[in-house]
Structure formats: structure tokens, C-alpha cells
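Asks: Give me coordinates for this.
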Amino acid sequence: MGEAARRLVPPFTGRPFLGWVGPLLLALFGGLLRFVRLGDPKAVVFDETYYAKDAYSLLTHGVERSMLGDAKNPVADHRIMAGNLDIFRQCPEPSECASFVAHPPLGKWMIAVGEWLFGMNPFGWRFVAVLVGTLSILILARVARRMTRSTLLGCFAGLLLALDGL
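Replies: Okay, here's the model as predicted:
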């Protein structure tokens with residue numbers, strides 16, 4: 001490395017071991033906060049009424065399909081919570097069953113993976129989002145450490161995200 005590069009990119013101080021241990025411990029801490037009681041409440045909450053059902057539709061049919069009921073009468077939500085997965089509208093023509101797609105598919109496919117692994121239940125449709133959120137703590141702590149050249153500041157950024165609660 002040349003002289004200019006050494007001045008522009010000073011070496012890390014401290015032990016590299018702590019550069020991994022701190023962020024990993026913070027990710028574990030954040031994961032515990034997120035995974036404990038993940039299946040509670042045992043209900044369809046807020047936007048889960050759209051994302052979880054669309055993800056299940058992608059998983060079973062490959063496309064988003066119309067569900068039974070509507071916002072005022074969420075028949076599909078009640079059926080899901082009762083363990084009945086017969087939630088799709090029956091249509092004479094497949095094109096009539098198409099659902100209005102307002103959300104990008106990546107998040108719904110991630111939710112579908114959780115539903116495939118754990119079933120169509122609150123734990124299943126929340127699992128992958130929580131897993132990715134936990135991994136983001138590790139990523140943020142490591143990136144902030146690189147940007148600031150400080151393990152302490154990197155871990156502080158990871159701690160803020162671990163305590164975010166969203």
C-alpha cells in the first residue's frame with residue numbers, strides 16, 4: 001500500500017476479534033428481542049391481512065388471487081385463524097380471480113418461505129422478516145464499524161437498531 005493510501009485509510013485500532021464478537025452479540029440480543037413470543041398475538045394484525053394472504057397465494061398458485069371477504073368482513077382472516085385454508089374466491093374464469101397487486105413481490109416471497117417452513121400461522125408469516133431484521137443488525141454494526149473505523153461506534157449503531165422495535 002502506498003503512502004497516500006495509508007494516510008487516507010488508516011489501519012483499524014484494537015483487536016479484530018472484537019470487531020466480530022460485538023456485532024454478533026448485538027445480533028443475538030436483537031434476535032432474542034424479536035423472536036421471543038413471535039407468534040403472539042395469535043391474530044392477523046394490520047398489514048398481515050394483505051401480505052400473509054398474498055404470500056400464501058404466491059406459494060400455492062404462483063400469483064396473487066382474490067380472497068373471500070373484504071376489509072369490513074375479513075372472512076379469509078377468520079378462516080385462517082381457525083385453521084381453514086380454503087380462503088380463495090372461486091371464479092368461473094381464472095382472470096376474474098386476479099388480485100390487485102400493490103406491494104412488491106420480494107417481501108411476499110420471503111413471507112411465503114416462512115409459511116412454507118412453519119405453516120400458515122402468525123409465527124410462519126412473521127419468521128423470515130424477523131430473521132432478516134436480526135441479520136440487518138449484524139450487517140449495520142459491521143458496515144458502521146468500517147465507515148467510522150471504530151468498533152465502539154459500529155456496535156453503538158447495531159445497538160440502536162437492535163432496540164428499534166420495528
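
Asks: pretty sure Leu18 contacts Gly154?
Replies: No - counting by Cβ atoms under 8 Å, Leu18 does not reach Gly154; the two are 10.0 Å apart. Backbone N, C-alpha and C define where each C-beta goes, glycine included.

Asks: who's more crowded, these two?
Replies: Gly154 (24 against 14; other Cβ atoms under 10 Å).

Asks: Skip the chain neighbours and tell me the closest residue to the more buried one.
Replies: Arg145 (2.7 Å; Cβ to Cβ, 6 or more residues apart in numbering).

Asks: That neighbour and Leu138 touch, don't they?
Replies: No - in this structure Arg145 lies outside contact range of Leu138 using Cβ under 8 Å: 10.8 Å.

Asks: any common contacting residues for these two?
Replies: Taking Cβ atoms under 8 Å, 6 or more residues apart in numbering as the contact rule, Arg145 and Leu138 both touch Pro23.

Asks: more neighbours, the two?
Replies: The neighbour comparison of Arg145 against Leu138 (other Cβ under 10 Å) goes to Arg145, with 24 against 21.

Asks: How much space separates the more buried one from Pro74?
Replies: 45 Å (Cβ to Cβ, to the nearest Å).

Asks: Do a quick rundown of the strands in the chain.
Replies: Taking DSSP state E, the chain contains no strands at all.

Asks: Could you identify the longest helix within it?
Replies: helix 122-148 (DSSP state H).

Asks: how about that one: buried residues?
Replies: Neighbour-count burial for helix 122-148 flags 122-131, 133-134, 136-138, 140-142, 144-145 (criterion: 16 or more other Cβ atoms under 10 Å).

Asks: now do stretch 92-112
Replies: Cys97, Ser99, Lys108, Met110, Ile111, Ala112.

Asks: ok now it, how far from the chain's centre?
Replies: 18 Å (Cα atoms, centre = their mean, to the nearest Å).
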